[in-house]
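> I would like the atomic coordinates for the input below:
(one chain, ligands or ions: 2)
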Amino acid sequence: YIDKVKAREVFDSRGNPTVEADVILSNGTLGRDEVPSGASTGEREAVELRDGGSRLRGKGVTKAVNNVNTKINKALHGLDPTNQAKVDKTMIDLDGTPNKAKLGANAILGVSMATARAAANSEGIPLYRYLGGIDLELPQTFHNVINGGEHADNPIDTQEFMITPISHKSFRNGIDMIDDVYWALKGVIEKAGFETGLGDEGGFAPNVKTTGEALDLLVKAIQTAGYKPGKDVGIAIDLASSGLYDHKNGHYHFEGHDYDVNAWMDFLDDLLKKYPSIMSIEDPLGEDDWDNFAKFTKRVGDKVQVVDDDLIVTNPIYIRKAIKMGAGNTLLIKLNQIGSVSETLEAIRLARKNGFKTMLSHRSGETGDTFLSDFSVAVNAGELKAGAMARSERVEKYNQLLRIEEQLGKEAHVAHIPNDVDKD
Ligand code: PGA
Ligand code: ZN
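Ligands and ions are numbered 1, 2, ... in the order given. Below you'll find the predicted structure:
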């Protein structure tokens, strides 16, 4: 049974405080996990409890830590750690708010993950097996190799430019391909006369002015590495457009231009036509622009993956709405947007049942924690985005997946998401 739950304040990859939780079982087994944190967070995400005040820019998490050490510790004592649903429900009920505002989603999620890990450790099986079924699949990965928007100080307003393997034969083969393109991109950026400093997710943050220029660099890098864009290696973008949306008039402000919504959708459609190796587009419209999100999905959804992030924030309430409206066709899944393992599993089930694909995701503020890697295999997520091939908090996610592939041996197989994009 759960003997003790304990948390501490540690730091994430941006140097901001975050919660690390320990779950200690009566047999002495420990489960420990750290909670990530976003920069372009959705309005409807579960509440990340921060202290406010002057210490650490108001970002301290001592209140969340204290909630774990007192209230949550008391409520979970004696519970069976293998009953994840009950552990999570106990914390959700104890919180009592719809968005985990009282105890903090950072407090609840840390304990939720550490509970699963403690249970797996106690049974002596890997976390991906403990949480997973019989048929385990490694995800197709999406790597944010050019960072813009809220994740870098350059002028580009597209937040993420990702590359993904298509013709990979194994997980390792896919990672090798991506690593080749990442290094080729470094050369291409240098040759174009830009700096190769990195953004928050380990991607380059060159000082190019437009999304088109960034895409040109990326296509060139894929070719330089010896791959065919759209055939061997595909491109995915995240517009994170809630940050571009003007609530006053419903316009989108992007790289110095002002678009009304129809002009904005035309612009995006043209971009997809000009760069046919783009196979996935995330948050093309803002989190409050539901009707246009559905309209745009209807327009391009049979050609590319349309990914819902800020729109649904891993919350079954908004997932149901998106399904009903036909807004998007792929759900981005972030554990800390909803704040517990059980509810994340519910979100994934809901997506599957309704024919939506799922892409699991890291946050721009991360730690060395690799819960996400095991989780992606356990739930057969199909897709995972966890950053570029740089910065340990990103790379460690992929390294853990390499270990899992090795452990699975002959049983290992890797996802290839359906795509019928043309070559560039
Ligand atoms: P965030 O960005 O972690 O900064 O919110 C990730 C995303 O928008 O997908
Ligand atoms: Zn996003």
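> tell me which helix or strand comes right after the strand or helix carrying Ala116.
Assigning secondary structure by DSSP states H and E places Ala116 in helix 105-123. Using DSSP H and E, the next helix or strand after helix 105-123 towards the C-terminus is helix 127-131.
> name the helices or strands packed onto that next one?
helix 105-123, helix 371-378 (3 or more C-beta pairs under 8 Å, 6 or more residues apart in numbering; DSSP states H and E). Any C-beta I mention is one placed from the backbone N, CA and C, and that applies to glycine too.
> where do the strands sit along this protein?
Under the criterion DSSP state E, strands of the chain are mapped to 2-11, 17-25, 30-34, 140-147, 160-165, 233-238, 245-246, 251-254, 257-259, 278-282, 305-308, 330-333, 357-361, 382-385.
> please identify the most buried of those.
strand 140-147 (a mean of 28; mean count of other C-beta atoms under 10 Å).
> now do it: distance to the chain's middle.
11 Å (C-alpha atoms, centre = their mean, to the nearest Å).
> does ligand 2 sit close to that strand?
No - interface with ligand 2: strand 140-147 contributes nothing (C-beta under 5 Å from the ion), its closest point being 9.9 Å away.
> what is the mean pLDDT for that strand?
Across strand 140-147, the average pLDDT comes to 98.
> stretch 353-369 now?
Stretch 353-369 comes out at a mean pLDDT of 98.
> before we move on, what about stretch 380-397?
Rounded mean pLDDT across stretch 380-397 is 98.
> and what of stretch 35-43?
Regarding stretch 35-43, the rounded mean pLDDT is 96.
> ends of that stretch, how far apart?
Stretch 35-43 has an end-to-end distance of 19 Å (criterion: C-alpha to C-alpha, to the nearest Å).
> that stretch vs ligand 2: in contact?
No - contact of stretch 35-43 with ligand 2 (C-beta under 5 Å from the ion) is absent, the minimum separation being 6.5 Å.
> name the residues that touch that stretch?
12, 14, 16, 18-21, 45, 48, 106, 109-110, 113, 149-151, 159, 200, 240, 242-243, 287-288, 309-311, 313, 334, 336-337, 362-367, 369 (C-beta atoms under 8 Å, 6 or more residues apart in numbering).
> let's see it at 6 Å
Contacts to stretch 35-43, defined as C-beta atoms under 6 Å, 6 or more residues apart in numbering, come from residues 12, 18-19, 106, 109-110, 150, 240, 243, 287, 310, 313, 336, 363-366.
> for the residue of the stretch 201-350 of the chain found nearest ligand 2, give me its contacts.
In the stretch 201-350 of the chain, the residue that lies nearest ligand 2 is Asp309 (3.6 Å; C-beta to the ion). Shown in contact with Asp309 (C-beta under 6 Å, 6+ apart): Glu282, Asp283, Leu332.
> roughly how far does Gly409 sit from ligand 1?
Distance, Gly409 to ligand 1, using C-beta to the nearest ligand atom, to the nearest Å: 33 Å.
> start at 101 instead
Got it, first residue is 101 now, which makes that one Gly509.
> quick check: pLDDT value at that residue.
97.
> please apply the same query to Asn519.
Asn519 is given a pLDDT of 58.
> still on that earlier bit, please dump the helices and strands packed on helix 227-231 into CSV; it should also carry mean neighbour count for every row.
What follows is the helices and strands packed on helix 227-231, written out as CSV (neighbours: other C-beta atoms under 10 Å):
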stretch, mean neighbour count
helix 205-223, 27
helix 471-478, 25
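> can you give me the neighbour number for the residue lying closest to Pro329 once chain neighbours are set aside?
Of all residues not flanking Pro329 in the chain, Ser377 sits nearest, at 3.9 Å (C-beta to C-beta, 6 or more residues apart in numbering). Ser377: 24 surrounding residues under other C-beta atoms under 10 Å.
> and Ser377, how far from Val245?
Distance, Ser377 to Val245, by C-beta to C-beta, to the nearest Å: 14 Å.
> so who does the spatially closest residue to Val245 that is not a sequence neighbour touch?
Residue nearest to Val245 in three dimensions, not counting chain neighbours: Gly303, with 4.5 Å by C-beta to C-beta, 6+ apart. Residues counted as contacts of Gly303 (C-beta under 6 Å, 6+ apart) are Asn244, Val245, Ile246, Asn247, Ala488.
> so which of the residues you listed comes closest to Gly233?
Asn244 (29.1 Å; C-beta to C-beta).
> now the helices for the stretch 251-400 of the chain?
Listed in chain order, the helices of the stretch 251-400 of the chain (DSSP state H, counting those that start in this stretch) span residues 271-291, 311-324, 361-374, 390-400.
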